[in-house]
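Asks: with the sequence up front, the predicted model follows.
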Amino acid sequence: MAVAALEQEILILRKRRQLYSLIGLLLVVAVLVSGFSKSNEMNSGGFLQGLSKFFDYPGEIVAEAWQAGPAFFGLILTFLPAMLETLNIAAVATLLGGAMAVVLAMASTRNVDSWGPLIPVVRRIMDITRAFPELIIALFLIFVLGSSPVPAMIAVAVHTAGALGKLFSEVNENIDRKPIEGLSACGASWLQRIRYAVMPQVAPNYLSYFLLRLEINVRASAILGFVGAGGIGQELRRTIGWGQGAGDETAAIFVLLFCTIMMIDQVSSYLRGKLVGSGRAH
Amino acid sequence: MIEFQNVTKTFGSRTAVNKVSFNIDRPQMVGIIGRSGAGKSTLLRMINRLTPATSGEILFEGRDILRLKGGMMRRWQRDCAMVFQQFNLVPRLDVATNVMLGRLNGHGTLKSLFNIFSASDVSDALEALDRLGIVQEATKRAEELSGGQQQRVAIARALMQNPHMILADEPIASLDPMNAKIVMDALREIHERDNKVVICNLHTLDTARSYCDRVIGMRDGFIVFDGKPEELTTSAAREIYGADESFNEAATSTAIDAGHSGAKESAGAMTPAAAAV
Amino acid sequence: MAVDTLNEPVFDRGTVFRNVRRRAWLTIGAPLAIVLYLTYTWFAFGVPELLAKAQPERAVILATDSVAYKVHVTKLLRRDIMEVAIEGERRATYAQEDLPGWVEVDGTNAIVDLGDGYEVTITGKVMEFTVPDYGTIKVTATNSGVTTELPPGPVPEWLKDDPRKFDARPTLDRRVQVTKTKIEVHNYFGGWENFWFSFQSELHGMPFSQLWAIALSNERIDPAQSNMSLIMHDFLGNPDWQHGEVFTALFETIMMAVLGTLIAAFVGLPLAFLAARNFTPSLLLRFGTRRLFDFLRGIDMLIWSLIFIRAFGLGPLTGALAIAFTDTGTLGKLFSEALENIDNKQVEGVRATGASQTQRYRFGVIPQILPVFVSQVLYYLESNTRSATVIGALGAGGIGLMLVETMKTSRDWENTSYIIILTILVVIMMDQASGWLRRKLIEGK
């Protein structure tokens, strides 16, 4: 009897779970469909008309690039300094943001003996810096400092500090405390414990996240350039602003951006594979 | 030298160490025995200040070391080196660096942040490793070593601290009998040659008998035995382990004597608590 | 002890010394290299000139203006009119019979009490400004400019006495300006003025309790609509704050993120099966799908947005498609990696029960990658809310574009702050919601 009742109950439970999944799925589909039609309505150009025009613009700039002939490659080279500026923005932002993130992570994890009262405060700070859209900080700083790469750099760095800080503190939570205890027993100070007992354990994971962030930040820096923060984005805005006739330059920037992003992607995923691979060995 | 007065530690409602008082007045090798949960580890960790005591005093040369704070506390931690059951080395650093970390207390912040060790640190570390017979492993990562070798690295690190005493918390509980003997021999040798106090938590009677000058038995936070190893009779052992008539002393032993090792190897991992049931 | 050392090679102590020294140099060298690089970028970014050109006062203006508003008392001398208006805006002018208590208007003359003993009297073309601890300043507007009579003693710093324009700001919240065409007094107040309802609305200035009563009462203020809808209409249609438009823009931005992420997830998932080694034996197909992912990701949101803005114009669909295209690549790659790492034993187990191909996927594969799927989709949803603001600023619309535009006009800073605060709130909300859902869906089970 009891077994039958149990079976019955399990059956009901499973039915209910299936129902929940179904409702969830239906909800998602409903959001998708209604969202799509609603956006289509709100959009100034509709989806179907847009679809026919989709290849017009790419076609136009490809045609202009084709006309430029071999000079096109020279054109790509002329935008190299701007690309370098974008890369610099991303690199500096990741370095500074990463350094901040290490400090924040070390101050917000019980597992590495952070100072107790500080932990919730630092966590809130990380939540807030993480949520701050880069655009807002960048626009505000451009307004105060003028158009330059620095606003973008600071904007990206602030977000990086929060985002990496959270990931780093998750890494900290999973480390082995035994080495920390061992160094404590030798009379090592907190900084010394962090340096010798924590850093060697977390370094591969930190570096891997750092590279991933660098990749994301290159994209973010390029896009912020478009709102006036220098680098390749600003060049793109200029050439696009010229409209017809500058299609070859726009195409050159697109190609340069595409190649750079692909390259950074490949290098970073290769390095991360190596780092986490070596981390997995033990 | 070191005197315990009513040292107590409570975790919530549970009292792990209850008004423990005893005195070590000359360099001795002291073995603390008892079943797991008797408070041996807590007692040792309180000496090194890894665990704060609830009340009582531990006097070292007249100074209450439980009241030390900040830099003075860390200085004391350097002076009473600790060896752990799980070795507590930094796995990804090489052996030589692990040993040199014993010197961190004397180093300034900048110097230690930038990984700078003096030539004398290096040669002292090599000497300590040599003394424990593992100097040829100096360039390997700690994690590449076997358990016994890691424990010897940990002892070398303790030696680097130039301590007044060495506290060993179950140093051989994770080792096979062969390595357990090597480690215990090393601790005994340090006690004899450097004339240092060695306090060692052990869970096996025979190890305590064959290596220690004095045995302290703990049960449920209290000291129930304190005397020479010869005085440790079967009835005294029953008292410590809280076992009844069926108590078999052999069950608590880790066969360190190489002659028996083949037969009793598996007994090494057995805890007295399990044996007493 | 010597037993285990017998077969070891001869050990060289020198290597230990060398290792330690080499590591020390590395540990010093790496930060040094970073510092050198930062120094290079310091000059490459032109930070010194930037600092020299920076306008910190703009930050101060933005900061004070975003938490305060000012009421202008203006006398236009040519037309001989006296006006009292919030921020000097025509549509926010006080009616003559409804002036605030601190200003007394008598025809075209006025007495303005700025509090704490500061007082301004305007009579004809003459303005008299009484400043405690200093004295009374008398300024007369002439046909060619202004003539000023100051109390004896040194001229204070807060006073700019120019023959063409007189400007005095003894405290941050009191300011007087005189030119040949107008006399203007600014009185600052904390808070956001007319936040709920504009002057034109009959509901302006009502306390909440009264609003509540009106909302529930059956007597219609406007016979054409119910009180509730009137309140909503007047609030959303507030011309100063444009609540309705701001909310629509926010909604558009959220729409971009949600729609974009969902499309990316549901297109990326089936494609991921094509890119995973253990599901697609065809090398060509696998290679093709992977390159497609790389291509979609490599083009980057910036370029996709620009292309879609050209094709589809302004609106949430444009942003959603840009997000969808980029993230189909990213999510597809992530999912295909998750698929390659699944535990084959579970699939075998399901196969052993005699399950069909579909059933094998349903019970052997999907449960394994569902946590990865859900957590990644939610993570990207949150990060795309931020991306959507940027795409909007590129020209796709939504809150990003609105922000750029209000900043460009650089006048209504409180509106800018309002938009900024709302945007941050929305992003934090999305962050919390996605975190909550992730915990609920993955760890809750």
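Replies: Okay, I see it.

Asks: just the closest residue of chain B to chain A, please.
Replies: Closest contact between chain B and chain A, by C-beta to the nearest C-beta, is at residue B:88 (3.0 Å). C-beta: built from backbone N, CA, C; applies to glycine.

Asks: just for the stretch 51-200 of chain C, where's the confidence low?
Replies: Scanning the stretch 51-200 of chain C for pLDDT under 70 picks out C:91, C:199-200.

Asks: can we see that at 80?
Replies: C:57-58, C:61-70, C:86-101, C:106-108, C:172-173, C:189-200 (pLDDT under 80).

Asks: quick check: phi and psi on residue C:115?
Replies: Phi and psi for residue C:115, reported as degrees, to the nearest 10, are phi 80, psi 160.

Asks: so in terms of bridging, what pairs with it?
Replies: Beta-bridge partners of residue C:115, counted by DSSP bridges, are residue C:118.

Asks: my guess is it contacts residue C:130. True?
Replies: No - here residue C:115 does not reach residue C:130: they are 11.9 Å apart, not a contact under C-beta atoms under 8 Å.

Asks: more neighbours: the two, which one.
Replies: residue C:130 (14 against 11; other C-beta atoms under 10 Å in any protein chain shown).

Asks: could I get the phi/psi values of the more buried one?
Replies: Backbone torsions for residue C:130, taken as degrees, to the nearest 10, come to phi -90, psi 120.

Asks: equivalent analysis for residue C:79, please.
Replies: phi -90, psi -10.

Asks: and what of residue A:8?
Replies: Main-chain torsions, residue A:8, degrees, to the nearest 10: phi -60, psi -50.

Asks: for it, grab the count of nearby residues.
Replies: Burial of residue A:8 is recorded as 10 neighbouring residues (other C-beta under 10 Å).

Asks: please identify which helix or strand holds residue A:87.
Replies: Element membership for residue A:87, per DSSP states H and E: helix A:80-106.

Asks: would that helix count as contacting chain B?
Replies: No - Helix A:80-106 is not in contact with chain B by C-beta under 8 Å from any C-beta of the partner chain; minimum separation 12.6 Å.

Asks: now do the helix or strand that that helix is followed by, average pLDDT.
Replies: Once the chain leaves helix A:80-106, the next helix or strand it forms, by DSSP H and E, is helix A:118-131. For helix A:118-131, the mean pLDDT works out to 89.

Asks: go on, stretch C:379-395?
Replies: 89.

Asks: near chain A, which residues of the stretch 101-250 of chain C show up?
Replies: Counting by C-beta under 8 Å from any C-beta, the stretch 101-250 of chain C has no residue next to chain A.

Asks: nope, the stretch 251-400 of chain C is what I was after
Replies: Counting by C-beta under 8 Å from any C-beta, the residues of the stretch 251-400 of chain C near chain A are C:252, C:255-256, C:258-259, C:262-263, C:266, C:294, C:297-303, C:306-308, C:310-318, C:320, C:386, C:389-390, C:393-394, C:400.

Asks: where does the stretch 101-250 of chain A get nearest to chain B, residue-wise?
Replies: As assessed by C-beta to the nearest C-beta, chain B sits closest to residue A:182 within the stretch 101-250 of chain A, at 3.0 Å.

Asks: quick one, what contacts that residue?
Replies: A:197, B:82, B:84, B:87-90, B:154, B:157 (C-beta atoms under 8 Å, 6 or more residues apart in numbering or on different chains).

Asks: would you agree residue C:395 falls within a helix?
Replies: Yes - assessed by DSSP: H, G, I helix; E, B strand; the rest coil, residue C:395 belongs to a helix.

Asks: look up which residues are beta-bridged to residue B:218.
Replies: Residue B:218 forms beta bridges with residue B:223, as assigned by DSSP bridges.

Asks: tell me, how many residues neighbour it?
Replies: 25.

Asks: and it, how far from residue B:36?
Replies: 11 Å (C-beta to C-beta, to the nearest Å).

Asks: what pLDDT does the model give the closest residue to chain A within chain C?
Replies: Per C-beta to the nearest C-beta, residue C:315 is where chain C lies closest to chain A, at 3.0 Å. Confidence at residue C:315, expressed as pLDDT, is 82.

Asks: so it versus chain B, what's the distance?
Replies: 53 Å (C-beta to the nearest C-beta, to the nearest Å).

Asks: give me the nearest residue to that residue, chain neighbours excluded.
Replies: Distance criterion C-beta to C-beta, 6 or more residues apart in numbering or on different chains; nearest residue to residue C:315, sequence neighbours excluded, is residue A:43 at 3.0 Å.
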